[in-house]
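1. how would this look folded up:
(chains A and B)
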2 protein chains.
Amino acid sequence: MKKNILVVGSVALDSVQTIHGRTSKALGGSAVHFSISASQFAPVRIVGVVGEDFPSSFCRLMKRRNIDLEGMQVMPGKTFHWRGRYDKDFKNAITIATELNVFEHFKPSLSPSHSKCGVLFLANIDPDLQWDVLRQMDRPRLVACDTMNYWITLKKKSLEKLLSRVNLFFVNEEEARQLTKEHNLMTAAKLLAKMGPQIVVIKRGDSGSMLFYGGETLSIPAQPIEKVVDPTGAGDTFAGGFVGYLAASPDWRNINVLKRAMAYGTVLSSFSVENFSVRRTEKLSKSDISARYRKYVQSLSIDSDD
Amino acid sequence: MKKNILVVGSVALDSVQTIHGRTSKALGGSAVHFSISASQFAPVRIVGVVGEDFPSSFCRLMKRRNIDLEGMQVMPGKTFHWRGRYDKDFKNAITIATELNVFEHFKPSLSPSHSKCGVLFLANIDPDLQWDVLRQMDRPRLVACDTMNYWITLKKKSLEKLLSRVNLFFVNEEEARQLTKEHNLMTAAKLLAKMGPQIVVIKRGDSGSMLFYGGETLSIPAQPIEKVVDPTGAGDTFAGGFVGYLAASPDWRNINVLKRAMAYGTVLSSFSVENFSVRRTEKLSKSDISARYRKYVQSLSIDSDD
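-> Model prediction:
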C-alpha cells in the first residue's frame, strides 16, 4: 500500500548559530528535512537543485536513507546558502544572509515517473512554482503543501489558487493568522479549510500543533525537550513524519490515522531539534521512533474516570 | 474520602474590557474563581475580605455553589477593585487600575475548624501572608500555592521559604522562567521541584500546561475554544479543577490521578474563558463538565499503532 512521495523544495547549506554552538554549511533545506523524516515511512524522491559545491557526502547521506536523488539537478554555481541564528528563546529565526545562488532560477520539471508518485509534498517555495509542479502530476492521491509569510505577503492570489487544489495544508500559527486576518486559531483553521484543503495543520512550535479535519479541531502538545539545540527544519521534519505516515497508510481520510500522523510528526520533529542540521534525524532507527512514539502517546492517555 | 478545601486569596470586583465587551464591578478575585471551579468536586471554604459595597447577590451566588463564606470578613470600606483590559490576542492583562481598598490590610486568620481542612490552596497573595496561613494549619494532607511576577521580584526569599513547604506549585510559564532564570520549561520545572514542591504545574495559557512529578514531565494542550471572551481567572479556575479533583481522590500521589486532575483543570478553565467573570462557570452542571472532559480525553487518545 505504500505510495511513493515526491517532494519539491529547497536543498540547502545552512550556517546556523544557537546558544549551543554553530554549524557552517551543514545539510539543510525544506526538501531535505522533510525527506529524511518521511523516508522512515515510505520511499521518497526529491526534485530540487544544488550547485557544484554541494558535497557528495550529503548525497550519500540521503541515499543511505533510500531517498531517490534522480530529480536533483546540479547546476553551475553555488548551492542555496542560509545563514541565521536563534536567540536563547528559539522563538524566531534571525536571518543573517540568504544566498539563493542556483535556487534563484529553480524551475522544477518532473520526469514521467515522478509525475506518477501517489503523494506530493510541495515544500515552501514560490506558489507559482508549486502550482506548476502540481499541474505536471498525474492524479496524485494526496497533495500537501507548506508556505511562508513571504509568499503570503507577495503572492497571496497564487497561494489561494494553490490551496483550492491541495488536500493538506501545513501552516505556522502566525502565517495562519496573517492569511486569514483572524487571531483565534480554531476560526483561522476553519477559514483556511474553506479555501480548499480538507486537512489544515497549524504548527505552533513548542506549543504543539492543531489539526482541523471534518469540522473537528484537535490540539496536541509538543514533546517536551530538555535541550533544544537547533530548531531549523523542525516544521519540515514534522510534515515529513506526518505525510510519510499517511503515505504508508491505506486511507488517510480517517481521523485515527490523522491523529497518529500528528503524533509521528511531533515525535520526528522532537528528535530534529536535539541537534544541528539532520544529525539526529539521519541516524534514527525504527525502534528509536517507536519508543518515543509509545511514550508520547502513553503520556496523553488519560482515564475517562467513569 | 472528600477533603474540605480551604482557599485563602482575593475576593474582588473586576471591571474588564475585551474585544467582546466589558463588565463593571463583576465578581472576581483568585479565591472566587478557584472556589467556584473546585466546588464541583469537593466542599470549599473561603478565607478573604470584602468591603461594605460587596453585593449580597455575589454571596448568594457562591452559597448556591455550596461555598462556605464563614471566613469572609466584611470590613469598613470598599472591596478590592481591579480594572483591566485585554488586546485581541488575549496575551497579557493590561492593568488600568488596582484599587486594593480593604484588601490592603488583609491579614487572614483561621478559625479552629478552618485549620483542620485537609487541603489548602494559597492563592496569589503576599508570600509572607501565605506562610502565615500555612503556619496556622493543622497538618493538611495537601498544600498548593500560586504566585505572580510581582512577588517573585519583591519577595523572592519569602516565596522560596513557602515553596519548601508546599506539595503543589502552580506557576505561569513566564514566572517559572523568572524564578529559575532558565528558559527551557522542562529544566525550569525541575529546578522548581528542587525548591520543595513534589508537583510543579506550569500554566501556559492557550499552549496548555505542563506537569512535573516524580522526575517525569507531561505536557497537555489547552482545549481549543472558538470564542475567547475573557481570560480573567482562567489560571485560578484551572487550579480549582485540579485541586478540587485531588481533594476528592483517595490518593493524589499517583500519576494517573494527577493526569486526570490536569485534564479537569483544563476543561474547567476552557469554560471559564467563554464568558466574563464567573458567568459560565457558576452555572456548570456535572454533565456539562463530564461531556467536555470525555471529549477532551478522547481527542488525546491516539492508538499505539502496533
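2. The spatially most central residue of chain A - nearest residue in space that isn't next to it in sequence?
-> With distances taken as CA atoms, centre = their mean, A:Asp236 lies nearest the centre of chain A, 2.3 Å away. Once flanking residues are discounted, A:Asp236 sits nearest to A:His33: 3.7 Å by CB to CB, 6 or more residues apart in numbering or on different chains. All C-beta atoms are positioned from the backbone trio N, CA, C, and that covers glycine.
3. How about A:Phe212?
-> Excluding the flanking residues, the one nearest A:Phe212 by CB to CB, 6+ apart is A:Ala189, at 3.6 Å.
4. wouldn't A:Asn92 be in contact with A:Tyr86 here?
-> Yes - with contact defined as CB atoms under 8 Å, A:Asn92 reaches A:Tyr86; the gap is 7.5 Å.
5. Now do the contacts for A:Ala239.
-> A:Phe34, A:Ser37, A:Phe121, A:Ala123, A:Ala144, A:Asp146, A:Phe170, A:Val201, A:Gly265 (CB atoms under 8 Å, 6 or more residues apart in numbering or on different chains).
6. give me the subset of those residues touching chain B.
-> Subset of the contacts of A:Ala239 in contact with chain B: empty, counting by CB under 8 Å from any CB of the partner chain.
7. Could you export those as CSV, including distance to A:Tyr213?
-> As requested, those are exported to CSV (distance: CB to CB, whole Å):
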residue, distance to A:Tyr213
A:Phe34, 21
A:Ser37, 21
A:Phe121, 18
A:Ala123, 21
A:Ala144, 13
A:Asp146, 17
A:Phe170, 13
A:Val201, 9
A:Gly265, 14
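8. Could you tell me which of the residues you listed belong to strands?
-> A:Phe121, A:Ala144, A:Phe170, A:Val201 (DSSP state E).
9. which one of the residues you listed is nearest B:Val102?
-> Closest to B:Val102 out of the ones in strands among the contacts of A:Ala239 is A:Val201 (50.7 Å), distances taken as CB to CB.
10. hang on, the earlier thing: check for me that the residue nearest to the centre of chain A belongs to a helix.
-> Yes - counting by DSSP: H, G, I helix; E, B strand; the rest coil, A:Asp236 falls inside a helix.
11. Output stretch A:30-37 in PDB, but only the C-alpha positions, please.
-> The C-alpha coordinates for stretch A:30-37 follow below in PDB (Å, rounded to 0.1, in the frame of the first residue of the first chain):
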ATOM      1  CA  SER A  30      13.000  22.100   3.400                       C
ATOM      2  CA  ALA A  31      13.100  19.200   1.000                       C
ATOM      3  CA  VAL A  32      15.900  17.600   2.900                       C
ATOM      4  CA  HIS A  33      14.400  17.800   6.400                       C
ATOM      5  CA  PHE A  34      11.100  16.600   5.000                       C
ATOM      6  CA  SER A  35      12.700  13.700   3.100                       C
ATOM      7  CA  ILE A  36      14.800  12.400   5.900                       C
ATOM      8  CA  SER A  37      11.800  12.300   8.200                       C
END
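12. And the average pLDDT for that stretch is what?
-> Averaging pLDDT along stretch A:30-37 yields 98.
13. For that stretch, buried residues please.
-> A:Ser30, A:Ala31, A:Val32, A:His33, A:Phe34, A:Ser35, A:Ile36, A:Ser37 (16 or more other CB atoms under 10 Å in any protein chain shown).
14. near chain B, which residues of the stretch 51-200 of chain A?
-> Counting by CB under 8 Å from any CB, the stretch 51-200 of chain A comes close to chain B at A:Lys88, A:Asp89, A:His183, A:Asn184, A:Leu185, A:Met186, A:Thr187.
15. Could you turn the buried ones of the residues you listed into a ChimeraX selection?
-> To isolate the buried members of those in ChimeraX, using 16+ other CB under 10 Å:
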select /A:184,185,186,187
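16. what sits against the closest residue to A:Lys88 other than its chain neighbours?
-> Distance criterion CB to CB, 6+ apart; nearest residue to A:Lys88, sequence neighbours excluded, is A:Ile19 at 4.9 Å. By CB under 8 Å, 6+ apart, the contact list for A:Ile19 reads A:Tyr86, A:Asp87, A:Lys88.
17. Just the closest of these to chain B, please.
-> Set against chain B, the nearest of those by CB to the nearest CB is A:Lys88 (5.5 Å).
18. give me the element that closest one is part of.
-> Assigned by DSSP states H and E, A:Lys88 belongs to no helix or strand.
19. Just confirm it contacts B:His183, I think it does.
-> Yes - the pair A:Lys88 / B:His183 is scored as a contact, 5.5 Å apart, by CB under 8 Å.
20. Who wins on neighbours among the ones in strands among the contacts of A:Ala239?
-> Top of these by neighbour number is A:Phe121, holding 31 neighbours under the definition other CB atoms under 10 Å in any protein chain shown.
21. any idea how far that residue lies from B:Lys155?
-> Using CB to CB, to the nearest Å, A:Phe121 is found at 53 Å from B:Lys155.
22. And for A:Ala248?
-> 56 Å.
23. With neighbour numbers in mind, choose between these two.
-> A:Ala248 (21 against 17).
24. Look up how far chain B lies from the more buried one.
-> A:Ala248 is 11 Å from chain B, where distance means CB to the nearest CB, to the nearest Å.
25. Dihedrals phi and psi, A:Ser30?
-> phi -60, psi -40 (degrees, to the nearest 10).
26. ditto for A:Phe80
-> Torsion angles at A:Phe80 (phi, psi; degrees, to the nearest 10) stand at phi -50, psi 130.
27. Tell me the confidence at it?
-> Predicted confidence (pLDDT) for A:Phe80: 98.
28. Can you name the residues that contact it?
-> Residues near A:Phe80 by CB under 8 Å, 6+ apart: A:Ser10, A:Val11, A:Ala12, A:Leu13, A:Gly29, A:Val50, A:Gly51, A:Glu99, A:Leu100, A:Asn101, A:Val102, A:Phe103.
29. Hmm, the last one is touching A:Gly9, no?
-> It stands for A:Phe103. No - the pair A:Phe103 / A:Gly9 is not scored as a contact, 9.9 Å apart, by CB under 8 Å.
30. Which one's more surrounded, the two?
-> Regarding A:Phe103 and A:Gly9, a neighbour count based on other CB under 10 Å identifies A:Gly9 as having more, with 29 against 24.
31. what residues are up against that one?
-> Counting by CB under 8 Å, 6+ apart, A:Gly9 has contacts A:Gly29, A:Ser30, A:Ala31, A:Phe34, A:Gly48, A:Phe121, A:Leu122, A:Ala123, A:Asn124, A:Ile125, A:Asp236.
32. tell me the secondary structure for the fifth one?
-> Going back to what we said before, that points to A:Gly48. Put simply, A:Gly48 is strand when judged by three-state DSSP.
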